[in-house]
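1. just a sequence and a predicted model for now, questions to come.
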Amino acid sequence: MSADFSKPYDPKQTESEIYDLWEKSGCFNPDNLPVKKGSKSFVVYMPLPNVTGTLHVGHALDNTTPDILIRYYRMKGKRTLWLPGTDHAGIATQYVVEKQLKKEGKTRFDLGRERFIERVWEWKKEYGGKILEQLKKLGLSADWSRTRFTMDNVYAADVIDAFIHYYKKNMLYRGLRTVNWCPRCQTSLSDLELEYKEGQTMLYYIKYGPFTLATTRPETKFGDTGIAVHPRDPKYKQYVGKELEIESLSVEGSLDAPAKKKNNITVVADEAVDREFGTGAVKVTPAHDLTDFEIGNRHNLPLVQVIDERGRMNEKAGKYAGMKAEDARKKIVEDLKTVGLLEKDEPYAHNLAVCYRCGHAIEPIPSTQWFLKMSSGGGSASGGEGLAERALDVVKKKKVIIQPKNFEKTYVSWLSNIRDWTVSRQIWWGHQLPVWFCKNKKEEFSKREKENFVVVAEKPKVCPFCKECDMEQSPDVLDTWFSSALWPFAGLSKEDRKKYYPGNLVSNAREILNLWDARMIFSGLEFMGKIPFQNVLIHGTVLTKDGKRMSKSLGTGIDPLKYVDEYGADATRFAVIWQASGQDIRWDEAAVIAGRKFTNKIWNASRFVLEQTKDLKSPNPKPVAKTKADTKILKTLEKTKKNTGKYIESFQFSRALHELYDFFWHEFCDRYLEASKKQIENEKLKRNTQAILLYILKESLKMLHPFIPFITETIYREFPGSSSLLIIEKW
RNA sequence: GGACGCUUAGUUUAGUGGUAGAACGUCGCAUUCACAUUGCGAAGAUCGCAGGUUCGAUCCCUGCAGCGUCCACCA
């Protein structure tokens, strides 16, 4: 293969050949790099793309900047590792496969858990590697030989160990949490699995002591433990913090005198209340509404469950017990009318959440979940500081630097107000909890003190409780983020951890700063005793040209491969970096075209330089400044080199690229190349001018290589006497 | 509802306490000599609005308006 300068640069032809060359050279793997002994490593953890993901411009942003750093530091002689992998993305993947099944007229229940999971693995085998293959087209120099999937056996073992570790440290506990429940499918549903149906219901205005409350669900009133108002609402200010004895409907369906009321209601002020809705005050039923559950959590309101798993009123509902919630509603409304507590009702259109599978109305009910303690407050037995405090500390002490700086605020406020992390999920695809229950000692809900389960990696041969049953594993799986939080070390082999942990950097979009970055930080501290990386780079969101969000469903998403195909990977990378200068990016195809023009310029300038210097015997003659033009270009080169390095090291990639663009195009091509034409005609200046041309071009290619690696490598191969690859050339 | 951000030439944007740089586009000129995916040159910005701080603000503060993103959610 050699470059054909008689034709315009054709990225399509060369890019895949060059990429093969790099892969074959093994230089993506830090263990193969010709680095000096004792030289430092530079490690980047790739944001794990979901196996269900399709490539979008955001991925190009996520990955182009680390690639620049990796290539730069590789050329600077560091041992560079860029660790790639994919995430099993629990709910998202399960959802995709279930949709596939639906087309065949089946549900996951038809297959059963085991066969369903097999089916997901099949799906993963077929599509799971696709996104990484697409990423390679952008020219990323990640070490693919180390690629891991968050459900690989070795990775899974670490995930299970982590769970057991937390359990032993008394940082995991079981508790109730209100979840979306389908009474027909008998399963909890994630947000993804909800569908919304527009419906007409009634909004009932119920008298509640000094309040009138609007609700669509009067049947949950027996589970009410609070009334919430907006903190800045002057109407209700006087009641906030008071516990009220309220004249209300009794479970016998009659009027309850205030004195007889057992469960009094606390008035709380909460930001979640919409002052404009209804009367501006709402009843709080933590057991049967997700928002109310959050409010209850914030104000320590008790949880009173009045509807059961089958969607029927339970014994707490007195004479209404056993009735379906819907029927109970009618009856209760009647009774409220009779006792004079119903002020009015009006029709109300709202979105009703239904099960995506069977269409049944979902019923929020409390269910047992596993929680990971985030904070030392609340009697953590781990002594010292909790996970959140430690993650906060390293950022406050600047051991971990979040850039741009203002995202530090987001991070700090999230961790400062954090609640314990619900790590269990009621789906099938994921890391199943290493929790084993005794079949003979079943309890609805068991806290530690009256255990009927053990937490161990392998199923115990003999049940420690009844000594005779075949223990049953908890059907729950872990939240996907629980496993991806371990990525900086679970992604590495035990051997690698000694060499490549801690790493240096992650680069991702802002929406996963808390979901992922924060959790990697505290997991790293907990399990490795060290921060996983010093730098968190948050890049802007890629928007459409008119400033709208890119989304697949709106048809505004953009596949960067379209540009790779049309203009080349270099031009695409150029466009991404060129535009990623400030905040969010309004993606403009014009930038890709500018990138292609630039690569074309480089191509032609290189052709000129290589032709002009063909007769130069010594491949690397020392250039000297003999003319004004010589002095100028050599000086400017030094300045550009210095600035480019400075900008790359401080993550100002766009600035670096603009500087390089300016230098190459305007200083080198427009000025020096033109001047060189005359100088070469002068025999006295000829040799030296040739030497300068070659030298400037070579140095330019090096500086440009991290940004536009393909074309620079292609041209470098044409250099007289170049034996090695540009990718490992000294910067 | 919460958090964060944006508002600078036709468009996309950079930037600084002393009235602004660029890219694309537009217009004019040039060009057999690396490149028309070119070169040279020109026009084009009261730096969202209203106050304030300051000798002086596009840059700092306050308010307003518009736009957007993320998170939470619609009782």
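-> Ah, there it is.
2. ok, now how distant is the residue nearest to residue A:451 when sequence neighbours are not counted from residue A:437?
-> Residue nearest to residue A:451 in three dimensions, not counting chain neighbours: residue A:465, with 7.9 Å by CB to CB, 6 or more residues apart in numbering. To be clear about C-beta, it is placed using only N, CA and C from the backbone, and glycine gets the same treatment. Distance of residue A:465 to residue A:437, given as CB to CB, to the nearest Å: 9 Å.
3. okay, these two: which has more neighbours?
-> residue A:437 (21 against 18; other CB atoms under 10 Å).
4. list the contacts for the more buried one?
-> With contact set as CB atoms under 8 Å, 6 or more residues apart in numbering, residue A:437 has these partners: A:452, A:453, A:471, A:472, A:473, A:474.
5. inside strands: which ones of these?
-> Using DSSP state E, the subset of those located in strands is A:453, A:472, A:473.
6. hang on, the residue nearest to residue A:451 packs against residue A:436?
-> No: counting by CB atoms under 8 Å, residue A:465 does not reach residue A:436; the two are 10.0 Å apart.
7. quick one: the helices in the stretch 301-450 of chain A, in order.
-> Ranges of helices in the stretch 301-450 of chain A, per DSSP state H, counting those that start in this stretch, are A:325-339, A:387-396, A:407-416.
8. which helix runs longest in chain A?
-> Counting residues, the longest helix in chain A under DSSP state H turns out to be helix A:589-612.
9. if we can go back for a sec, tell me the one of the ones in strands among the contacts of residue A:437 nearest residue A:132?
-> Nearest to residue A:132 among these: residue A:473, at 31.6 Å, using CB to CB.
10. from RNA strand B, how far out is residue A:290?
-> 5 Å (CB to the nearest atom of the strand, to the nearest Å).
11. correction: residue A:304
-> Counting by CB to the nearest atom of the strand, the gap from residue A:304 to RNA strand B is 15 Å.
12. could you find the closest non-adjacent residue to that residue?
-> residue A:223 (4.5 Å).
13. how about the contacts made by that neighbour?
-> So residue A:223 contacts A:285, A:286, A:287, A:288, A:304, A:305, A:306, A:307, A:316 (CB under 8 Å, 6+ apart).
14. that one and residue A:328, how far apart?
-> Distance from residue A:223 to residue A:328, counting by CB to CB: 12 Å.
15. what residues does the stretch 1-150 of chain A have near RNA strand B?
-> Those residues of the stretch 1-150 of chain A that sit near RNA strand B, judged by CB under 7 Å from any atom of the strand, are residue A:8.
16. from residue A:514, how far out is residue A:62?
-> Distance from residue A:62 to residue A:514, counting by CB to CB: 17 Å.
17. related to what we said a few turns ago, residues shared between the contacts of residue A:465 and residue A:437?
-> Joint contacts of residue A:465 and residue A:437 (CB under 8 Å, 6+ apart) are residue A:452.
18. skip ahead from whichever helix or strand residue A:644 is part of and say which helix or strand is next.
-> Taking DSSP states H and E as the criterion, residue A:644 maps to helix A:628-649. Using DSSP H and E, the helix or strand that follows helix A:628-649 in sequence is helix A:653-662.
19. tell me how far that next one lies from the chain's centre.
-> In terms of CA atoms, centre = their mean, to the nearest Å, the centre of helix A:653-662 is found 29 Å from the chain centre.
20. what packs against that helix?
-> helix A:569-579, helix A:628-649, helix A:683-704 (3 or more CB pairs under 8 Å, 6 or more residues apart in numbering; DSSP states H and E).
21. so what's the gap between the shortest one and the chain middle?
-> This means helix A:569-579. 23 Å.
22. if we can go back for a sec, could I get the helices of the stretch 301-450 of chain A as CSV with distance to residue A:70, mean neighbour count and mean pLDDT?
-> Below are the helices of the stretch 301-450 of chain A laid out as CSV (distance: least, CB to CB, whole Å; neighbours: other CB atoms under 10 Å; pLDDT from 0 to 100):
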stretch, distance to residue A:70, mean neighbour count, mean pLDDT
helix A:325-339, 57, 17, 84
helix A:387-396, 24, 20, 86
helix A:407-416, 23, 16, 80
